[in-house]
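J.: Need the 3D shape of this:
(4 chains, ligands or ions: 4)
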Amino acid sequence: MPSIPSYKMDQETKYELLHSMLFIRLVEEKIAEKYSENQMRCPVHLSIGQEAIASGVCAHLSPNDKLISAHRSHAHYLAAGGDLKAMLCELYGKIDGCAKGKGGSMHLIDLEAGLISAVPIVGSSIAIGTGVAWSNRIQKLDGIVAIFLGDGATEEGVFSESLDFAALHDLKVLFVCENNHYSVYTHISERQHSKRSICDIARAHGITSFSAEGNEVVEVYDLTKEALSFMNDNACPVLVEFSTFRWREHCGPNWDDDLGYRKDGELKNWMDKCSIKSLRDNLGISDTRYLNLVNELNEMILDAFKHAESSQFPNESELVSDVYA
Amino acid sequence: MPSIPSYKMDQETKYELLHSMLFIRLVEEKIAEKYSENQMRCPVHLSIGQEAIASGVCAHLSPNDKLISAHRSHAHYLAAGGDLKAMLCELYGKIDGCAKGKGGSMHLIDLEAGLISAVPIVGSSIAIGTGVAWSNRIQKLDGIVAIFLGDGATEEGVFSESLDFAALHDLKVLFVCENNHYSVYTHISERQHSKRSICDIARAHGITSFSAEGNEVVEVYDLTKEALSFMNDNACPVLVEFSTFRWREHCGPNWDDDLGYRKDGELKNWMDKCSIKSLRDNLGISDTRYLNLVNELNEMILDAFKHAESSQFPNESELVSDVYA
Amino acid sequence: MSRIINFNEAILEATEEILTNHSNSIIVGLGVPDPKGIFGTTLGLTEKYGSNRVYDMPTAENAMTGIAIGAAINGLRPIMTHQRVEFSLLGIEQLINQAAKWHYMTGGKSRVPLVIRLIVGRGWGQGPQHSQFLEPIFAHVPGLKVLCPSSAYEAKGLLWSAFNDDNPVIFFEHRWLHSTKSIVPETPYSLPIGKCNIVEEGTDFTLVSYSYGLTECRKIAKILKSFDIHPEIVDIRSLRPIDHQTIIESVKKTGRLLCIDNGWSHMNIAAEIISNVVTETFKSLKSPPQRIGIADVPIPSTRSLANLVYPSLKDIAHKIETIMERKIFPDQFSFPENQDVPDQSFTGPF
Amino acid sequence: MSRIINFNEAILEATEEILTNHSNSIIVGLGVPDPKGIFGTTLGLTEKYGSNRVYDMPTAENAMTGIAIGAAINGLRPIMTHQRVEFSLLGIEQLINQAAKWHYMTGGKSRVPLVIRLIVGRGWGQGPQHSQFLEPIFAHVPGLKVLCPSSAYEAKGLLWSAFNDDNPVIFFEHRWLHSTKSIVPETPYSLPIGKCNIVEEGTDFTLVSYSYGLTECRKIAKILKSFDIHPEIVDIRSLRPIDHQTIIESVKKTGRLLCIDNGWSHMNIAAEIISNVVTETFKSLKSPPQRIGIADVPIPSTRSLANLVYPSLKDIAHKIETIMERKIFPDQFSFPENQDVPDQSFTGPF
Ligand SMILES: Cc1ncc(C[n+]2csc(CCOP(=O)(O)OP(=O)(O)O)c2C)c(N)n1
Ligand SMILES: Cc1ncc(C[n+]2csc(CCOP(=O)(O)OP(=O)(O)O)c2C)c(N)n1
Ligand SMILES: [Mg+2]
Ligand SMILES: [Mg+2]
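T.: Numbering: from 1, shown residues only, chains lettered A, B, ... in the order given. Ligands and ions are numbered 1, 2, ... in the order given. Reported below is the predicted structural model:
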C-alpha cells in the first residue's frame, strides 16, 4: 500500500480542485433549485457532498483516458470536462442535449471528455467499462478506463465477474468505488455483512486495492495518483474505495433527512466534513476571492440554464432515428 | 482454521467411506460402459476420481440436512443415499426415474435423501440452495444446506451474490467447492487470475472458509466435521474448498486425455492419488474382502440397471402433466 | 363491505391480509421497508409484521430471484418486488430456466409458489432503461403465469390469486395505475387466473387490452358513446394462460377486433390474440382485426418524443375507423393529447 | 467457386474470412479454443489467428456480455458465442437494456457492432434447460436484429451480414443444422438482413418457417409433390426486422398460410406473421391461417416425451389439410416419425 503524502500539493492544483468541486456543487444546487419548475422532467441523482471523488480522480485523467458512470453521473461528467450546456439540455429534454434528449439525466455522454456513457442499471456499466479497457488492450491503445461505481453496485454479481476478467487480462481499469454507505434508503449494514470488505473482495480476485477518505480531495487526488502509477508500473487493474456521503435525497432535488432513514447527526457529521469548505480553509482564500469565484461560476451556469431553457425539443423525426446505426 | 486430525478415524467410519466411494465409482463405471448402447440418451457428467468429496461431506449430513447439486451430480445423489434405481431410470428416460424421465441425468432429485435438486445451469443452484437455507432460518427449521459447486461456478456473479446473502443473514449453508481445476476443457489458470483465491473471496464477503486435499477422504471428512461444528457454534455459513480432478471427459463416458487439453502426466498424477486406492491401502483390506465388496456392489448395480432397462417410458399423458402444480 | 381506494392501497391491503392469514408468506424486495414503500404498496409492513416477514435486499437480482425460488420450494410463499421490470432481467435466468420448469423437471415432486411483482413505468422522462413493457418475454414461457391488473379491484383480487397459486406468477403493475381508484371489497377475495373480464358489454366491435390499456379503452369508449358506437371491452387480465375463448365469443358477436397493446408493436400480446382469433373464428370477422402498440423504438426520455411513443386517443380512434370501415370522428374533433404524467399532481422524480 | 459443405463448416469459413479481412474482429466464447471448437465452428482459429483474436472466457455470461459491448463501442467488432441459448439469459440484461438501446440512448453518438451466436439444442435428452428456443424474447426488442440461418449457404452469408452490421445482431443456430450440407461459395458474401428467402415457389399455399423448420418444410413439400400440391416455401431468415412484405405477396398469390414455428406455440414468431398477414391482406385469405409450434410445456429429457414435443410431419400434414380445407393424405399414409437425433450417426452426449 503506497504512502499518502498528505497536503503537500502545490497551491495551484489545490485551487483547480476547489474550482472543479465548486463548479459541480453550484451546478447541482441550481438543478435542485430549478427542478420544481417542472421543466427538467426526468429523474435526477445529485452528487452534492460527494464532489471530492469526481474532482480528485478526474484531475488525473488525460485525453486518452476514458470513464464510465452510472445513475449519479453529473459530477463525473463535469469533473471530466463534459459540456455543461449539453448536459443541461439533456436534462431539459432538448435536441442539443448530449444524447439529443433521448437519454435524460441518467444517460450522460461526452465522448470528447472521455465519458463513454452513464447508465442507470446498477452494476451494468462496470462490465461495459471493463470491455472498453479490454479492447484498449487488444488494440494496443493507450489510456486507462475509470469506472465509477457505488457501494450498492458492488453487490451485483457483475462486479465480481468484471473484477475477475480485468485481473485475468491485466486490464488498465481503475475501479473507483464511491462508498456513500447507502443504496437508496438502505444503510450498508443492512445489505452487507459487517466483515465484508470491498477492498478485500478486489484483492481476493487478484486486484490490488486502496482506500481513503473520500471527502478529503487531496487524499483522493494523491491516492489516485499512487493507484495510477501502480497500475502503470504493473500493468494491472486497481480498485480504490473512497468513503463519502450523499447530502440530499437519493433521487430528486430535495433534502430528506426528515424521513428518518439515516441516523440522527449522520448528515451533520458529514456536512461538517464538506470537502469544499475544508479545502477552502486549507487554501486560506479570502471571502472576497471566494465569492468572486462563486459569482463567476454561477454566471456561467445561469447562462447554460438559459441556453437549455430556450433550446428546441427534438422534432418528431427523431423518434425513429438512431434506433439502428 | 481448525486443526485437522488426520487418519485418527475409527476403522468402521473408514470402511463406510470406502463403501460409499466404491459404490459411486462402480455405478459410474457401469454407466460409462453401458452408455454406448445408446439407451441412456442424455448428457452425463461423471465424477470418477472425485468421489471422496461427495462421500466425505455427505457422511455428515443428517436427516434434516439438505443438499443441492449441479450438472455433475451422480456422486452427490448416491453419497446422500439417493435411490439408485430411480437415478438409473432417470438416465434411461423411464417413468420410474426420480423425475419421471423428464429431467435426465442433469436433473436428479431425491427429496427423501435430502437432495433438493440438481440443475445444470452453472451457478444457479447456489442461489437456490441459499434460499432453502434462508427459509430454514425464517421457519426456524433445523438442518443445514450443503451446496456443491465447481471451480467454474465460482466465476458466476451469482456465487458472490449468494455468499453476500448467506453472510448477511447468518444462514447455515455449507458451500462445498469441488475444485477440479477445469471447466470443460479450460484450465483454471486460463479463467482466473493466479492471485485469485476462492477461500479469500468467501472471507472477503464475511464467510469463514477452509480448504483441503479433496482426494483424501479422511481429510474431507474431518474438515467437513470441523466446518460444521464451526457453523453450529457460530450460526454462520462456511465455505470449504477441496482440490480434486476429473478422470474422464467433461461430458460423456469416455477417456479424453488424448485431446491434449491437459498437461502431460496431470491425469496420471491424480490417478495415483486415487482416494479409493489410498483408503483401501490405509485400511489394509485383503484382496479377497475387497473383491467381495466389489462383487456385492456390482450385483446390486446390475440389478438396478436391469430394472431401469425393463422399466416403462412415461406415457403420452405425462407430456402435459406437471407443467403447473 | 366495499369502498373506493387506490390501486396501490389495494396492493397494500391484499399484502397485509396475506401476511396476516398466511404465516408462511414473506415479502422481499429492494426498498420494501423504505419510507416510500414501493410506491406506497408496502408502507408500514415492517412495523406490523416484523423484519422476519418483510425484507429489503441487496442489489443482487440474480441471486435474490434464485433465493426466492429456494425459499418457495422449502415451504415459504414469497412475494418479491422489483421497482422496475428492467431490474428483473438480471434474474430472468432463474425465472425462465429454473422457476418455470421446476415442477415439471422434478417430475411434479417440488413446486415454486412465488409471486414476482414487476412494476412497469412510463412518463416523466424515465427513459430507455426505466420504462419498458416486457410482458411478452415472460408470457412466452410455459410454467409461468402472468397477470396484469387494470384496476384497484383487479389488483387486490389478482394479487390474492397469485399468492394462492402454487406456481411462479409474474404480476405486472403499471405505475400509472397506482393512483387510480376503484371499488374494492374490504375482505379478502381472489379472481380467477386465466379468465378475461368483460368490462363493458357492447355490440359494434371488440376492444381488447390489459393493464393501463384499459384506461385508454374506457376513455375512447366514452367518446364513442356520443357517436352511438358501443365496443365490447375485454380486459385480458391474465397473459398466461390467456382466456382466448372469451375473446373469441366476443368477436363472434361483434365481428370486429382491435387490440391495444401496452408494449412494442411486434411480437406482442396483440399478435397472439389476433392470430388466435383468426385461426379460430375467421368466418365471423367482418373486417381485418387491428392492433396498436407503442412505437417500435427504445423509449426516449424527453417528453417531446415520449409522448409520441404511446398510442394517443387519436391514433386509437383512427384504428377504430379502420376496423369499423367508416369515418366516425369529424376532422375537427379534438382528442386529448398524451401527457408525460398520469395526472397534474405528479411532479417526479420517478 | 462453390462446393458443398456443412453448416458448421460454413460458420467456420465465414469466421476465418472475417478474422482474415477485419483486423478489428475478435471471437470470444466459452469453449471457443476447445478441442471440440463449438461443434466444429471455431476449430483451429486460435492456432491461425492467435490468442489476441480468439478468446475463451470464464463462466460469467453477464459481465462477458457487457464486456463484449464495451469492446464493440471502443472499436472492436466481437463475435460472441454461447453453446446454449439458455446461458445467454444470464447476460440478457446487457443485451436488452444496454446493447439494444446504446445507439439510441447516446443520441446516435456510439454504436455496438456485436454479433451474439446463440445455439439452440434439441434431442438426445438435453432436457428442460438445454433445448429451448427463445427467439421471440430477443425478436421483441427494437434495437436488436435477429437472424436465423436455415442452411449452410444462409449461415455463411448471414454471419457475414451480421458481422458487417453496426448493430447488435443475435444469430441463432439450430444444433441439428450443424451437420446439414449445402452449396456454399468459397469467397465471402453477405445476404440482406430483413429479407425473406423464397426457397421454393408454389401456388397452393404459403408455408413460412425459419431455421430448422425449413428442414421440415422441405420434407413435407416433397411428400406433397406426390399429391400434386405445391406450397410456396418462405424462409423468414430475419426475425427482426421481419420482411412482412414478401410473406404478404406470397399469401396474396396463394390465399393460404401455414407457419411452422420452432418454439412454443404461444406469443411466437408465427403469431406475429399471421397477425400481420391478416391485418394487411385479409381479403386474399381463402382459409384461416394456421400455425404450429412445439408443445407448450418445458421440454422433457426422455425421448418418449420429447418426440411428442416437436410437430411431426403428420401434425404438419394435418394442418395443411386444415388450411387446404380438404383431405389430402390417405388414412394409411405413413409419415416418418420424430427422432431424438438429427441422424443415426449422432450418439450424444450433447
Ligand atoms: C439493477 C438495478 N437494481 C436496482 C436499481 C434501483 N437503484 C437505482 S440507484 C440505486 C442505488 C445504488 O446504490 P449505490 O450503487 O451505492 O449508488 P448511490 O445511489 O449510493 O450513489 C438503486 C438500488 C437499479 N437502477 N438497477
Ligand atoms: C451458465 C452456464 N454456462 C455454461 C455452461 C456450460 N457448462 C456446463 S458444465 C460447465 C463446467 C463448469 O465447471 P465447474 O463448475 O468447475 O464444474 P465441473 O464440470 O468441473 O465439475 C460448463 C461451462 C452451463 N451449463 N451453464
Ligand atoms: Mg451508495
Ligand atoms: Mg471444475
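
J.: What score does the spatially closest residue to residue C:209 that is not a sequence neighbour have for pLDDT?
T.: Distance criterion CB to CB, 6 or more residues apart in numbering or on different chains; nearest residue to residue C:209, sequence neighbours excluded, is residue C:260 at 4.0 Å. Quick note: C-beta positions are derived from backbone N, CA and C, even for glycine. We have a pLDDT of 98 for residue C:260.

J.: Pretty sure residue C:260 sits against residue C:206.
T.: No: here residue C:260 lies out of contact with residue C:206, judged by CB atoms under 8 Å, at a distance of 11.4 Å.

J.: and whichever strand or helix holds the residue nearest to residue C:209, how far from the chain's centre?
T.: Using DSSP states H and E, residue C:260 sits within strand C:257-264. Remark: strand C:257-264 is offset 13 Å from the chain centroid, using CA atoms, centre = their mean, to the nearest Å.

J.: Quick one: list the elements packing against that strand.
T.: helix C:135-139, strand C:205-209, helix C:213-225, helix C:269-281, strand C:290-294, helix C:313-324 (3 or more CB pairs under 8 Å, 6 or more residues apart in numbering or on different chains; DSSP states H and E).

J.: Just give the number of residues close to whatever residue of the stretch 151-300 of chain A ends up closest to ligand 1.
T.: Distances between the stretch 151-300 of chain A and ligand 1 by CB to the nearest ligand atom are smallest at residue A:152, namely 2.5 Å. Residue A:152 is flanked by 26 other residues according to other CB atoms under 10 Å in any protein chain shown.

J.: Just list whatever residues bridge to the closest residue to it other than its chain neighbours.
T.: Leaving aside its chain neighbours, residue A:152 sits nearest to residue A:183 (3.2 Å; criterion: CB to CB, 6+ apart). For residue A:183, the beta-bridge partners are residue A:186 (DSSP bridges).

J.: which ones are touching residue A:183?
T.: Each residue near residue A:183 by CB atoms under 8 Å, 6 or more residues apart in numbering or on different chains is listed here: A:122, A:150, A:151, A:152, A:155, A:191, C:30, C:58, C:59.

J.: swap in residue C:181?
T.: Contacts of residue C:181 (CB under 8 Å, 6+ apart): C:4, C:5, C:6, C:7, C:152.

J.: before we move on, what about residue C:53?
T.: Residue C:53 sits next to C:19, C:25, C:26, C:27, C:45 when contact means CB under 8 Å, 6+ apart.

J.: ok, and of the residues you listed, which contact chain D?
T.: Counting by CB under 8 Å from any CB of the partner chain, nothing from these sits close to chain D.

J.: Which one of the residues you listed is nearest to ligand 4?
T.: Proximity of the contacts of residue C:53 to ligand 4 (CB to the ion) peaks at residue C:26, which lies at 34.4 Å.

J.: Torsion angles phi and psi at that closest one?
T.: The phi/psi pair for residue C:26 (degrees, to the nearest 10) reads phi -140, psi 160.

J.: Count the neighbours of it for me.
T.: For residue C:26, using other CB under 10 Å, the count is 25.

J.: check contacts around it.
T.: Applying CB under 8 Å, 6+ apart, the residues near residue C:26 are B:138, C:53, C:54, C:55, C:71, C:76, C:77, C:78, C:79.
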